[in-house]
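> Following is a predicted model, sequence given first.
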Amino acid sequence: MIQIENIIKSYNKKEVLNIPSLQIEKGELIGIVGNNGAGKSTLFRLILDLIAPDQGVIKTKGTPVNESEEWKLYTSSYLDNTFLLGYLTPIEYLNFVASLSNLDKQTINERIDQFRAYLGEDNLTNDKYIRNLSSGNQQKVGITATMINQPELIILDEPFNFLDPSAQQNTKKLLAKIHSNSDTTILVSSHNLEHLLNICTRVILLENGIILKDIKGDENIYHQEIMSYFLDESDSNE
Ligand SMILES: Nc1ncnc2c1ncn2[C@@H]1O[C@H](COP(=O)(O)OP(=O)(O)OP(=O)(O)O)[C@@H](O)[C@H]1O
């Protein structure tokens, strides 16, 4: 689904990402972890052609993302609340996003209904604009918007941020459900290791722009390899 070849990205002459090679297969649910400044968001921004690499190429389905608009038809992402339109209500925004896929009105309503419980009825009343919602509720709208068109590729940066504990659990269940019911490829970055290690089929550990670990396995293996890395890191800082 995604091929990354010889990517280097620098800011102010400092290299913040250096990935010689990374292949992401269709249907993988990948957790990207790493300390602050590791390069997680930079990687997502490069995949989404929001920024350009200094060198290298990122392809989705074999086509460089900077040479075609095709990937936009099957990719959805939510990196932060700048992806939202604050002057719309959540319903208006979700209708707008769904309309980009030319879905008919009935299908759009059915799709939105599937997320009613997740969003919470309070967020679906007509008088609430997205700009007036709490950060957590904005986050839920953004996450829902990535799923409403049932894309082939979903990219989420820190989806558990701002969410209360119930919403975090619900988000985790939503991701696991989409993964088990479809071939959707999902990339999720998070500092919440427990949530990620619980649901991912593969975990990539980035540090200082470099992939230190790339593990396919189960929760036990992730716990040994990933948790122990961060525990060792924090010990070395004491
Ligand atoms: N627009 C920019 N200008 C200059 N430096 C940048 C810019 N964007 C990112 N960086 C730098 O690139 C590095 C990687 O940042 P990035 O946001 O990708 O990390 P991250 O892993 O997402 O971090 P966090 O967990 O804190 O969100 C950091 O050193 C950051 O300061």
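Received the coordinates, thanks.

> May I have the residues that are in contact with I4?
Applying Cβ atoms under 8 Å, 6 or more residues apart in numbering to I4 gives the contacts 19, 21-24, 47, 56-58. C-beta coordinates here come from the backbone N, C-alpha and C atoms, glycine included.

> same thing with I178?
Neighbour list for I178: 147, 154, 184, 186 [criterion: Cβ under 8 Å, 6+ apart].

> What is the burial count for the third one?
Spelled out, that is T184. Residues contacting T184 under the criterion other Cβ atoms under 10 Å number 21.

> That one: what's it in contact with?
Counting by Cβ under 8 Å, 6+ apart, T184 touches 27, 150-154, 178.

> circling back: same for the ligand: which of the contacts of I4 are within range?
Checked against the ligand using Cβ under 6 Å from any ligand atom, the contacts of I4 yield no neighbours at all.

> Just the buried residues from those residues, in ChimeraX please.
With 16 or more other Cβ atoms under 10 Å as the criterion, this ChimeraX line picks the buried residues out of these:
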select :19,22,24,47,56,58
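
> now, which of the contacts of I4 sits nearest Q138?
I47 (22.8 Å; Cβ to Cβ).

> What parts of this structure come near the ligand?
So the chain meets the ligand at 11, 16, 34, 36-42 (Cβ under 6 Å from any ligand atom).

> ok so, going back, could you export the contacts of I178 to a markdown table, including columns for distance to N95?
Shown next, in a markdown table, are the contacts of I178 (distance: Cβ to Cβ, whole Å):
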| residue | distance to N95 |
| --- | --- |
| M147 | 15 |
| I154 | 19 |
| T184 | 22 |
| I186 | 24 |
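
> related to what we said a few turns ago, now go through the contacts of I4 and say which are in helices.
Among those, the residues falling in helices (DSSP state H) are I47.

> Tell me the one of the contacts of I4 nearest G217?
For the contacts of I4, the minimum distance to G217 (Cβ to Cβ) is 16.2 Å, reached by I24.

> how many other residues sit next to K173?
Other residues lying near K173 total 12 when counted by other Cβ under 10 Å.

> isn't there a helix covering it?
Yes. With DSSP: H, G, I helix; E, B strand; the rest coil as the criterion, K173 is part of a helix.

> Per-residue pLDDT of it, please?
Note on K173: pLDDT of 95.

> and it, how far is that from the ligand?
Remark: distance between K173 and the ligand (Cβ to the nearest ligand atom, to the nearest Å) = 24 Å.

> Check L22 too.
From L22 across to the ligand, the span is 15 Å (Cβ to the nearest ligand atom).

> rewinding a little: PyMOL command for the buried members of the contacts of T184?
With 16+ other Cβ under 10 Å as the criterion, this PyMOL line picks the buried residues out of the contacts of T184:
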select buried, resi 151+152+153+154+178
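
> Helices - which of the contacts of T184 land there?
Mapping the contacts of T184 onto helices (DSSP H) picks out I178.

> Can you tell me which of the contacts of T184 is nearest the ligand?
Nearest to the ligand among these, counting by Cβ to the nearest ligand atom, is I154 at 17.4 Å.

> May I have the beta-bridge partners of that closest one?
Under DSSP bridges, the beta-bridge partners of I154 are S76, I186.
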